[in-house]
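# take this sequence and fold it.
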Amino acid sequence: MSVTELDEIRAVVQRVQCWPPPMRIALARRILETLETASGGESSPSLPRGPSAAEVVAVFKTNKPAPSDEECRRILEEELVLKYGA
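Numbers count the residues shown, from 1 in each chain. Sure thing, here's the model as predicted:
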């Protein structure tokens, strides 16, 4: 992106900064719509996004109950002793 293009963007942002939020959102939508119509509705090949939220939850799911507050305090203390010594 050239310096001139960056200056143009900066000028537009400065101009719309004082607009109320609904007007700025409407402008942003209109800008995004120009991208959709410019591509002719063709979607670019999507990149692999990784696991879904359900898959991530399944990875960390366990059959054991959650530790109690006392167990958490004990684990934390043990880890701090390991890290910093007695």
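# where does the prediction get shaky in this structure?
38-46 (pLDDT under 70).
# which helix or strand contains the residue nearest to the spatial centre of it?
For the chain, the residue sitting closest to the mean C-alpha position, by C-alpha atoms, centre = their mean, is R49 at 12.9 Å. Following DSSP states H and E, one finds R49 outside all helices and strands.
# and R24, how many neighbours?
Using other C-beta atoms under 10 Å, R24 is surrounded by 14 other residues. From N, CA and C alone the C-beta is placed, and that goes for glycine too.
# relative to V16, how far out is it?
In this view, R24 and V16 are 6 Å apart by C-beta to C-beta, to the nearest Å.
# quick one: buried residues of stretch 12-29?
For stretch 12-29, burial by neighbour count (16 or more other C-beta atoms under 10 Å) applies to no residue.
# that one: end-to-end distance?
Stretch 12-29 has an end-to-end distance of 15 Å (C-alpha to C-alpha, to the nearest Å).
# begin at 49 from here
All right, first residue 49 from here; so that's stretch 60-77.
# check the offset of it from the chain's centre.
Distance of stretch 60-77 from the chain centroid (C-alpha atoms, centre = their mean, to the nearest Å) equals 22 Å.
# ok, stretch 120-134 next?
The gap between where stretch 120-134 is centred and where its chain is centred comes out at 33 Å by C-alpha atoms, centre = their mean.
# CA atoms of it as CSV?
Extracted in CSV, the C-alpha atoms of stretch 120-134 (Å, rounded to 0.1, in the frame of the first residue of the first chain):
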residue,chain,number,x,y,z
CYS,A,120,-7.0,-26.5,44.0
ARG,A,121,-5.2,-24.7,46.8
ARG,A,122,-3.1,-27.8,47.5
ILE,A,123,-2.2,-28.2,43.8
LEU,A,124,-1.3,-24.6,43.5
GLU,A,125,0.9,-24.7,46.6
GLU,A,126,2.7,-27.8,45.4
GLU,A,127,3.4,-26.2,42.0
LEU,A,128,4.6,-23.0,43.7
VAL,A,129,7.0,-25.0,45.9
LEU,A,130,8.3,-26.8,42.8
LYS,A,131,8.8,-23.6,41.0
TYR,A,132,10.2,-21.4,43.7
GLY,A,133,11.3,-23.9,46.4
ALA,A,134,10.3,-24.1,50.0
